[in-house]
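1. Mind folding the following:
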Amino acid sequence: MYKKKSLFIIFEGIEGSGKSYQSKKLYKNLKKMNFSTILTREPGGTKSAELIRKIILKDYFYSDSKDQFRKNTDTLLYLAARNEHVNNKIIPSIKKKKLIICDRFVDSTIAYQVYGKGVKVSLVNAIHKHILGNLKPDITFVLKVNIQKALSRLNKRKKRNRYDNFSKNFYIKAQKAFINIAKKDKKKYFIFDNSKDTNKIENLILNIVLKKLKK
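-> Alright, predicted model coming up:
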């Protein structure tokens, strides 16, 4: 028997890891089982946060621009979007005991902005203290992938944005960061190698969530 309770489920990983695909699969599987579920993303998830997302992405469409955001400005925009998302969507959904599936969250900021861009973690942590309070994910799925496989998947995308255009070395660095973060809490983090295009990972993820709902 499944308990009616909220679960905050996060998918993390570099571009091309299949996190968006797997988050959509989990959403569809849970909806089929009549669970009250929402699928959201960061940056974005609400109208105001999606507007901020557009600003972030637009800044990087022009590689020759001399007016690109400084790394702290960039990070503050991500955190502003998260503030809107958390207060207007995540927390209300938790209160309604919904299952929340989110494509990226805090760990992406740490992996990309802190490890990748060199933003001070103290800045991120200080703002998160005000934005998040006691809010923490219940489950985080970190999908790792062979870098060449990830780049191959990215090359097949019809629409590409800022996330899809980082260097190979940046993706390697970010993936290592995700894995290191996950290894610090083995109870809430699950690492899967999603290099192969099979439904095995999809089934493993669903079973982990269902097991959590029985507790």
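
2. now stretch 131-141: mean pLDDT?
-> Summarised as a single mean, pLDDT over stretch 131-141 is 97.

3. so how far does that stretch reach from one end to the other?
-> From its first residue to its last, stretch 131-141 covers 22 Å (CA to CA, to the nearest Å).

4. can you give me the helices for the chain?
-> 19-32, 47-59, 71-85, 91-95, 106-108, 121-132, 147-155, 168-183, 200-214 (DSSP state H).

5. Nearest to Phe192, out of these?
-> Nearest of the helices of the chain to Phe192, taken as CB to CB: helix 200-214 at 5.1 Å. For glycine as for every other residue, the C-beta is placed from the backbone atoms N, C-alpha and C.

6. that older thread, which one of the helices of the chain lies closest to Phe190?
-> It's helix 200-214; of the helices of the chain, that one is closest to Phe190 (CB to CB) at 6.1 Å.

7. what packs against the closest one?
-> strand 7-12, helix 19-32, strand 139-144, strand 189-193 (3 or more CB pairs under 8 Å, 6 or more residues apart in numbering; DSSP states H and E).

8. about what we covered before: can you tell me which of the helices of the chain is most buried?
-> helix 106-108 (a mean of 22; mean count of other CB atoms under 10 Å).

9. List the contacts of the residue positioned nearest the centre of the chain.
-> For the chain, Arg104 is the residue whose C-alpha lies nearest the centre (CA atoms, centre = their mean; 0.9 Å). Residues near Arg104 by CB atoms under 8 Å, 6 or more residues apart in numbering: Ile10, Phe11, Glu12, Lys19, Arg41, Glu42, Pro43.

10. mind giving me CSV with those and columns for pLDDT and distance to Lys31?
-> Formatted as CSV, those follow (pLDDT from 0 to 100; distance: CB to CB, whole Å):
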residue, pLDDT, distance to Lys31
Ile10, 98, 18
Phe11, 98, 16
Glu12, 98, 22
Lys19, 95, 19
Arg41, 98, 17
Glu42, 97, 21
Pro43, 95, 24
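
11. Of those residues - the most surrounded one?
-> Glu12 (29 neighbours; other CB atoms under 10 Å).

12. correct me, but that one touches Ser20?
-> No. Judged on CB atoms under 8 Å, Glu12 makes no contact with Ser20 at a distance of 11.1 Å.

13. Export the contacts of Arg104 as a markdown table, with columns for distance to Lys183.
-> Listed next are the contacts of Arg104 as a markdown table, based on distance: CB to CB, whole Å:
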| residue | distance to Lys183 |
| --- | --- |
| Ile10 | 16 |
| Phe11 | 17 |
| Glu12 | 13 |
| Lys19 | 18 |
| Arg41 | 25 |
| Glu42 | 22 |
| Pro43 | 26 |
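
14. What mean pLDDT does stretch 47-63 get?
-> The average pLDDT within stretch 47-63 is 79.
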